[in-house]
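S.K.: what follows is a predicted protein model with its sequence.
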Amino acid sequence: MYPVPHRFFGLFKFALISLVLLGLNGCTSLQSNGKPSANLIKAQNIQALTQWQANGKIAIISENKRQSANFNWLQHNDDYKTYFNTFLGINVLTVKRDTEGLVIVVEGNTYQGDNPEQLVFDLTGWWLPMDQLSDWLKADVSAEEGIIIRNAQGQIDQFIPHCSQTQCTTDYLINYAAYRQVEQLQLPHSVTLQANGLTQQTLKIKIQQWR
């Protein structure tokens, strides 16, 4: 069993978190260099975009609480590493998954498990479908995975995933907006996820930059 910390994140609790993150080393392919990835420059369709970075803001809204953070997501094929920081730059959550498994850092403590969605929720109260977000953020979905509704431009406007196909553990409704041209691709810059299972929660994601 892993200990469950208090869900109200205090700023002072995380003053030393950066020291912990120094020990959470990813492979070199998951390091941010601030430049568009070669894969993003060359990708001619969304399925070919397998190595990328996105940063922006996320709001986690539940019935009695609203929390916000900045995020930075680094993806390399099936591996990802994601940082969630306060607006003062203090880290509140880091999630890393690679061939060695899943590692989560919260309040200076490191946790491991098999289900990032459930583990992140137990530790933070945030219901984040981590393993699915790498595809859902860039609207890389198919009709086999769920119901797709497109806008007049042919862009995905709404997606209702079949959890039996996407391995999610709750029902979601995903809305996309603010598509922009990024290299050769049209990528969404506004994504809203509504979780409608045992946990009623809305995620509002604003992507400021793809690279």
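M.R.: Happy to help now that I have it.
S.K.: for the residue lying farthest from the centre of the chain, give its distance to residue 82.
M.R.: Among the C-alpha atoms of the chain, the one farthest from their average position, using C-alpha atoms, centre = their mean, is that of residue 152, at 27.3 Å. Taking C-beta to C-beta, to the nearest Å as the criterion, residue 152 is separated from residue 82 by 33 Å. Any C-beta I mention is one placed from the backbone N, CA and C, and that applies to glycine too.
S.K.: can you check residue 118 too?
M.R.: Distance from residue 118 to residue 82, counting by C-beta to C-beta: 16 Å.
S.K.: okay, those two: which has more neighbours?
M.R.: Taking other C-beta atoms under 10 Å, residue 118 and residue 82 do not tie; residue 82 has more neighbours (22 against 12).
S.K.: correct me if wrong: that one contacts residue 70.
M.R.: No - counting by C-beta atoms under 8 Å, no contact exists between residue 82 and residue 70, whose distance comes to 11.2 Å.
S.K.: quick one, what contacts residue 58?
M.R.: 68-71, 84, 203-206 (C-beta atoms under 8 Å, 6 or more residues apart in numbering).
S.K.: out of these, name the ones that lie in helices.
M.R.: Judged by DSSP state H, the subset of these located in helices is empty.
S.K.: now those as a markdown table including distance to residue 103 and pLDDT?
M.R.: Output for the contacts of residue 58, formatted as a markdown table (distance: C-beta to C-beta, whole Å; pLDDT from 0 to 100):
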| residue | distance to residue 103 | pLDDT |
| --- | --- | --- |
| 68 | 24 | 95 |
| 69 | 19 | 96 |
| 70 | 20 | 97 |
| 71 | 17 | 96 |
| 84 | 14 | 96 |
| 203 | 22 | 96 |
| 204 | 26 | 97 |
| 205 | 22 | 98 |
| 206 | 26 | 98 |
